[in-house]
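> What follows is a predicted structure for the sequence shown.
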Amino acid sequence: MLINQIIEVLFKEWLLISVFMAWGLFCQLGNMWSGAWLAKKYGQFSWSAFIKGFITIALYYVGFVWTVFAVAILPLLLNHFQIVGINMDTISAFTGYSTALFFAGYGIAKILEMGIRLKDNIGYTPPEAVVNDIEGVG
């Protein structure tokens with residue numbers, strides 16, 4: 001019965017979680033490839049930096065597994081041993097939405113990091129009209 005509850009919680013929101021996990025992975029890989037492109041264009045390609053990116057991905061996905069354990073499986077165990085009473089629908093929704101939100105934010109952070117890296121290394125300066133609009137100069 002406990003195993004069935006755990007499977008229900010994990011797979012009820014599986015599509016939502018997996019879509020945002022793929023989004024986070026896509027953004028991390030894009031960030032890594034932009035760094036590799038910049039290193040090739042402006043200097044020596046660094047395999048160590050590239051491997052650090054893969055280690056970062058691995059750590060975030062291990063963090064995902066621990067998040068699912070802490071948010072979904074641990075409360076189910078507490079409920080099973082009658083330490084606390086828990087509503088299964090609430091746990092399932094909270095697990096799915098919190099995990100999806102984590103990976104959505106992670107993907108956005110990686111896109112911003114990639115943009116900052118590209119801007120700094122390429123030496124982009126905005127057109128004069130854009131600078132004047134931002135500073136309020138007519």
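Alright, I've got the coordinates.

> all helices for this protein, in order.
All helices of the chain, identified by DSSP state H, fall at 2-12, 14-42, 47-68, 74-80, 88-122, 128-135.

> what's the least confident stretch among those?
Note on the helices of the chain: lowest mean pLDDT is at helix 128-135, with a mean of 59.

> In JSON lines: the helices of the chain, plus mean neighbour count.
No exception for glycine: its C-beta is placed from N, CA and C like everyone else's. Shown next, in JSON lines, are the helices of the chain (neighbours: other CB atoms under 10 Å):
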{"stretch": "helix 2-12", "mean neighbour count": "14"}
{"stretch": "helix 14-42", "mean neighbour count": "16"}
{"stretch": "helix 47-68", "mean neighbour count": "12"}
{"stretch": "helix 74-80", "mean neighbour count": "15"}
{"stretch": "helix 88-122", "mean neighbour count": "16"}
{"stretch": "helix 128-135", "mean neighbour count": "10"}
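
> surely Arg117 meets Ser34?
Yes. At 6.3 Å, Arg117 counts as touching Ser34 under the criterion of CB atoms under 8 Å.

> Quick check: Leu29 vs Tyr97, distance?
Using CB to CB, to the nearest Å, we find Leu29 at a distance of 25 Å from Tyr97.

> Same check on Phe81?
Taking CB to CB, one finds Phe81 at 26 Å from Tyr97.

> same thing with Leu76?
17 Å.

> give the contact list for the nearest residue to Asn121 once chain neighbours are set aside.
Of all residues beyond its chain neighbours, the one nearest Asn121 is Leu38 (4.8 Å), with distances taken as CB to CB, 6 or more residues apart in numbering. Taking CB atoms under 8 Å, 6 or more residues apart in numbering as the criterion, Leu38 is in contact with Arg117, Leu118, Asn121.
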